[in-house]
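> Take this sequence and fold it.
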Amino acid sequence: MSLRLFRISWVMARYRLDTLLPLDRFPWWLRLLLWFSPLRLMPVGQRTRGERLRLALETLGPIFIKFGQMLSTRRDLLPEDIADELRRLQDQVPPFPGEQAVTRVEKELEMSLSDAFAFFDTAPLASASIAQVHVAQLHSGEDVVVKIIRPGIERIMRQDMALMYQVAKLLAKVPEARRLRPVEVIRDYEATLFDELDLYKEAANTSQLKRNFKDSPLLFVPTIYWPFTRRHVMVQERIRGVPVADLDTLKANGTNLKKLAERGVEIFFTQVFRDNFFHADMHPGNIFVNCDNPEDPQYIAIDCGIVGSLTREDQDYLARNLLAFFHQDYYEVAALHIESGWVGENTRANEFAAAIRTVCEPILEKPLKDISFGQVLLGLFQTARRFNMEVQPQLVLLQKTLLNIEGLGRQLYPDLDLWSTAKPYLEQWMKERAGVGGLWRSLKRQAPELSHQLPELPVLAHQALSRMEHEHRQRHQQTSAISDMQQQMARQGKRQHRLRIGLVLLGLALAWQPLSQWAGSQQWPVLVAAAIGLLLLVWQ
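Got it, this is the predicted structure:
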């Protein structure tokens, strides 16, 4: 652990990442400390700041590369030169040697490369943080790509996750940070990240997503070749499309970018609300565009290693919250947060609604290019701090995906109105969910189980009535037993009271002569105190 921490510190010093910090926003004492830091003795070199940041993240490994990938989608929050460099992390991470790739494929498939493929290119087509991809062809003639997990990557990831847990536990001790539930968030992120190491899961996710969008004009998902898929190797159909971030090529092909951006929003809401199964790693390196029909562009999605889903309750709360935002009904937003337990039960809805209105009112009914979601999130976090709102770990993955979608939409069509695009879809979904049609579909879905249970209903009803009658008899018996015990205790208390009085009287009778002599020699306050003590003894 300490060795990994030392390495992180060394890499940050080596690439002089301290020069990226906004020193003018730091307290004076921290600025003074950084000014006299030994880091300043190391040369910055000829590399640009974006290149130094990218190289540092590449050197530190997959978790840091993932962080850089997420940042690369937020060009509105980063200087252009840094965003351009971080974009290279999406599919231009330094590859591992082709010989290692061949060895791993043969080991996983338990056959020689020539037996598995008619052709295999040892030079990678693309290389990412956790795996790299090689072009190949099956003996049956299909063009495919082979995805191979990087050797030794799991050990590095476990070291980094252990370090992140230590930081999260420290943050959990700080009252201001405790509401963010850092340990739970890291635990969810760990499960999601390590799922990417199992290509069986990615292949299954890809197949599920393909079924959800079968014959859809919105999204195409490549086919998985299961006979050649293992835990660390996956073979899937090769796709040919334009990277979604290649705006020059998209424009040169005459692609309808407005329709493409709107379809991206529709795909996201379809996955979240219709299918409850969403691609949660939608950075530009995983998304391509089929431009065969430029006026009717179709998305192509790859790398389904990270997917998410919500409970039915979270789906409903999320949809109702978004619709309340669209209708600018901030009191409903506040009430939903209180009802769901995301804020304390003692929170006053009108105060919470006023705080949300202050943050969100400026952003509604504006095009995407005029909305800074970074500022909005900052304002919401400040509001959350006032009302002790806790981070919901099950929604963190969804929030990350929303940020990716927004960053993608900003690149494709900055004038996209996210609200007006999403509002009709959500209203229709809620209508179908809560209307007669939704009720009928729910009944049809539960019909097999109901038909199985229907013949047993008389037996179940008789058992329920018998159980209720038995419980009623038990309660009556318990009540009678308690009443008898109370009466017995009352009688026993009376007997003990009479016994105490008898003992006192007997004692007085036996000791009357000494007591009368003693009483004659005492003053009246002593006699009063003795009489009170005797009365208390008899009363007890």
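> number of nearby residues for the nearest residue to Phe326 once chain neighbours are set aside?
Spatial nearest neighbour of Phe326, chain neighbours left out: Lys423 (4.5 Å); criterion: CB to CB, 6 or more residues apart in numbering. Using the backbone N, CA and C atoms, a C-beta is placed for each residue, glycine as well. By the measure other CB atoms under 10 Å, the count of residues near Lys423 is 16.
> Then Lys423 would be within a strand, right?
No. Assessed with DSSP: H, G, I helix; E, B strand; the rest coil, Lys423 is helix; it does not lie in a strand.
> Per-residue pLDDT of it, please?
As predicted, Lys423 sits at a pLDDT of 76.
> Touching, it and Phe325? I think so.
No. Contact criterion CB atoms under 8 Å: Lys423 and Phe325 do not qualify, at 9.4 Å.
> Going by residue numbers, what spans are strands in the stretch 201-350 of the chain?
Counting by DSSP state E, counting those that start in this stretch, the stretch 201-350 of the chain has strands at residues 219-220, 233-237, 242-243, 278-279, 287-290, 298-301, 307-308.
> if we can go back for a sec, next one: the residue nearest to Phe326 from Leu257, what distance?
Distance, Lys423 to Leu257, by CB to CB, to the nearest Å: 21 Å.
> Tell me how many other residues crowd Asn350.
The burial count for Asn350: 12, using other CB under 10 Å.
> give the contact list for Phe228.
When contacts are counted by CB atoms under 8 Å, 6 or more residues apart in numbering, Phe228 touches 109, 116, 138, 144, 146, 235.
> if we go to 10 Å?
105, 108-109, 111, 116-117, 136, 138, 144, 146, 234-236 (CB atoms under 10 Å, 6 or more residues apart in numbering).
> can you check Val93 too?
By CB under 10 Å, 6+ apart, the neighbours of Val93 are 54, 57-58, 62, 65, 68-69, 124, 126-132, 150, 285.
> Give the other helices and strands that the longest helix anywhere in the chain contacts.
Secondary structure of the chain read by DSSP state H shows that its longest helix is helix 457-510. With contacts taken as 3 or more CB pairs under 10 Å, 6 or more residues apart in numbering; DSSP states H and E, helix 457-510 sits against helix 524-539.
> For the helix it packs on, give the mean pLDDT please.
66.
> likewise stretch 408-415?
Rounded mean pLDDT across stretch 408-415 is 80.
> in it, what counts as buried?
408-413 (16 or more other CB atoms under 10 Å).
> before we move on, what about stretch 340-354?
340, 342-343, 347, 349, 352-353.
> Kindly indicate which of the residues you listed lies nearest Thr383.
Taking CB to CB as the measure, Thr383 sits nearest to Phe352 out of those, at 7.9 Å.
> excluding its backbone neighbours, what's nearest the closest one?
In space, Phe352 is closest to Ala334, 3.9 Å off (CB to CB, 6+ apart).
> So, low pLDDT: which residues of the stretch 251-400 of the chain?
The stretch 251-400 of the chain contains residues with pLDDT under 70 at 344-345, 363-382, 384-385, 388-397.
> Export only the CA atoms of stretch 473-481, formatted as PDB.
In PDB, the C-alpha atoms belonging to stretch 473-481 read as follows (Å, rounded to 0.1, in the frame of the first residue of the first chain):
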ATOM      1  CA  ARG A 473     -57.000 -18.000  20.800                       C
ATOM      2  CA  GLN A 474     -53.300 -17.600  21.600                       C
ATOM      3  CA  ARG A 475     -53.800 -13.900  22.300                       C
ATOM      4  CA  HIS A 476     -56.900 -14.700  24.500                       C
ATOM      5  CA  GLN A 477     -54.900 -17.300  26.400                       C
ATOM      6  CA  GLN A 478     -52.000 -14.900  26.900                       C
ATOM      7  CA  THR A 479     -54.400 -12.100  28.100                       C
ATOM      8  CA  SER A 480     -56.000 -14.500  30.600                       C
ATOM      9  CA  ALA A 481     -52.600 -15.600  31.800                       C
END
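> Quick one: mean pLDDT over that stretch.
pLDDT averaged over stretch 473-481 gives 78.
> Check which residues of that stretch are buried.
Applying 16+ other CB under 10 Å to stretch 473-481 flags no residue as buried.
> Same check on stretch 490-499?
Quick answer for stretch 490-499: no buried residues (16+ other CB under 10 Å).
> Centre of the chain to it, how far?
65 Å (CA atoms, centre = their mean, to the nearest Å).
> if we can go back for a sec, redo the contacts of Phe228 as TSV? Include secondary structure.
Shown next, in TSV, are the contacts of Phe228 (three-state DSSP):
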residue	secondary structure
Val105	helix
Glu108	helix
Leu109	helix
Met111	coil
Ala116	helix
Phe117	coil
Ala136	strand
Leu138	coil
Val144	strand
Val146	strand
Met234	strand
Val235	strand
Gln236	strand
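> Weed out the non-buried ones from those.
Here, 16+ other CB under 10 Å leaves 105, 108-109, 116-117, 136, 138, 144, 146, 234-236 buried among these.
> Just the CA atoms of stretch 138-151, as PDB, please.
Extracted in PDB, the C-alpha atoms of stretch 138-151 (Å, rounded to 0.1, in the frame of the first residue of the first chain):
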ATOM      1  CA  LEU A 138     -13.100 -16.800 -38.800                       C
ATOM      2  CA  HIS A 139     -12.600 -19.900 -41.000                       C
ATOM      3  CA  SER A 140     -16.300 -19.400 -41.900                       C
ATOM      4  CA  GLY A 141     -15.500 -16.000 -43.400                       C
ATOM      5  CA  GLU A 142     -16.900 -13.600 -40.800                       C
ATOM      6  CA  ASP A 143     -14.800 -10.500 -40.000                       C
ATOM      7  CA  VAL A 144     -14.400 -10.300 -36.200                       C
ATOM      8  CA  VAL A 145     -12.500  -8.400 -33.500                       C
ATOM      9  CA  VAL A 146     -10.900 -10.200 -30.600                       C
ATOM     10  CA  LYS A 147     -10.900  -8.400 -27.300                       C
ATOM     11  CA  ILE A 148      -8.100  -9.500 -24.800                       C
ATOM     12  CA  ILE A 149      -7.700  -8.500 -21.200                       C
ATOM     13  CA  ARG A 150      -4.300  -7.000 -20.300                       C
ATOM     14  CA  PRO A 151      -2.000  -9.400 -18.500                       C
END
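> Distance from that stretch to the middle of the chain?
Distance, centroid of stretch 138-151 to centroid of chain: 32 Å (CA atoms, centre = their mean).
> now stretch 285-294
The answer for stretch 285-294 is 29 Å, by CA atoms, centre = their mean.
> Just the buried residues of that stretch, please?
285-291, 294.
> go on, stretch 236-253?
236-239, 241-245, 250.
> got the contact list for Pro62?
Here Pro62 is in contact with 93, 128-131, 150, 153-154, 156-157, 160, 193, 196-197 (CB under 10 Å, 6+ apart).
> which of those lies closest to Asp314?
Leu193 (21.5 Å).
> ok, now which ones touch that closest one?
62-63, 66, 130, 157, 160-161, 186, 305-306.
> thinking again about what came up before, of the contacts of Pro62, which belong to strands?
Ala131 (DSSP state E).
> Go through the contacts of Pro62 and name the one nearest Ala481.
Leu193 (58.9 Å).
> Now Leu402: which helix or strand?
Counting by DSSP states H and E, the element that carries Leu402 is helix 393-412.
> chain center to that helix: distance?
For helix 393-412, the distance to the chain centre is 12 Å (CA atoms, centre = their mean).
> Check stretch 349-368 too.
With CA atoms, centre = their mean, you get 24 Å for stretch 349-368.
> same thing with stretch 184-197?
For stretch 184-197, the distance to the chain centre is 10 Å (CA atoms, centre = their mean).
> is it true that Ile130 touches Gly152?
No. At 11.6 Å, Ile130 and Gly152 do not qualify as touching, with contact defined as CB atoms under 10 Å.
> where does the stretch 101-250 of the chain dip in pLDDT?
Short version for the stretch 101-250 of the chain, where the test is pLDDT under 70: 171, 174-181, 185.
> Glu108 contacts Arg230, doesn't it?
Yes. Glu108 is in contact with Arg230 according to CB under 10 Å; the separation is 4.1 Å.
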